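Asks: need a structure here:
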Amino acid sequence: MGLADEVGDFSEGKQFDAVWLRPAAGTPLDVGIRHADASAEALAKAFAMGTTADVARVYIGGQPIESAARLPAYGSAFSIQSTMSTR
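Replies: Numbering: from 1, shown residues only. Here you go, the predicted model:
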């Protein structure tokens, strides 16, 4: 795809898309993440149990998006990404 200079890791100058999840204390996601044995298990729990109520902030192209109205139309569900953007 020819995007190796733009995406793929956390190096300076690469695109950054992310969803910061911050579940409220005691919610199923909070409990699940706290009891996860590994980061892969915590990520799986975020995908399985995360809701829009758990989203603290969304970053697209490294910039925080302040309103859901400004989010691009990617469908009805949030996706969790780091630098694996396909833009």
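Asks: for residue 49, what are its contacts?
Replies: Taking C-beta atoms under 8 Å, 6 or more residues apart in numbering, we find residue 49 in contact with 28-29, 32. (Each C-beta comes from the backbone N, C-alpha and C, glycine too.)
Asks: among those, who's most crowded?
Replies: residue 29 (20 neighbours; other C-beta atoms under 10 Å).
Asks: Assess the claim that residue 24 and residue 30 are in contact.
Replies: Yes. Between residue 24 and residue 30 a contact is recorded at 6.5 Å, counting by C-beta atoms under 8 Å.
Asks: More neighbours: the two, which one.
Replies: Comparing residue 24 with residue 30 by neighbour count (other C-beta under 10 Å), the higher total belongs to residue 30, at 17 against 9.
Asks: where does that one fall, phi/psi-wise?
Replies: phi -60, psi -50 (degrees, to the nearest 10).
Asks: For the chain, which segments are assigned as helices?
Replies: Along the chain, counting by DSSP state H, helices occupy 28-34, 39-49.
Asks: can you put the ones you listed in JSON lines and add mean pLDDT and distance to residue 59?
Replies: What follows is the helices of the chain, written out as JSON lines (pLDDT from 0 to 100; distance: least, C-beta to C-beta, whole Å):
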{"stretch": "helix 28-34", "mean pLDDT": "95", "distance to residue 59": "19"}
{"stretch": "helix 39-49", "mean pLDDT": "95", "distance to residue 59": "16"}
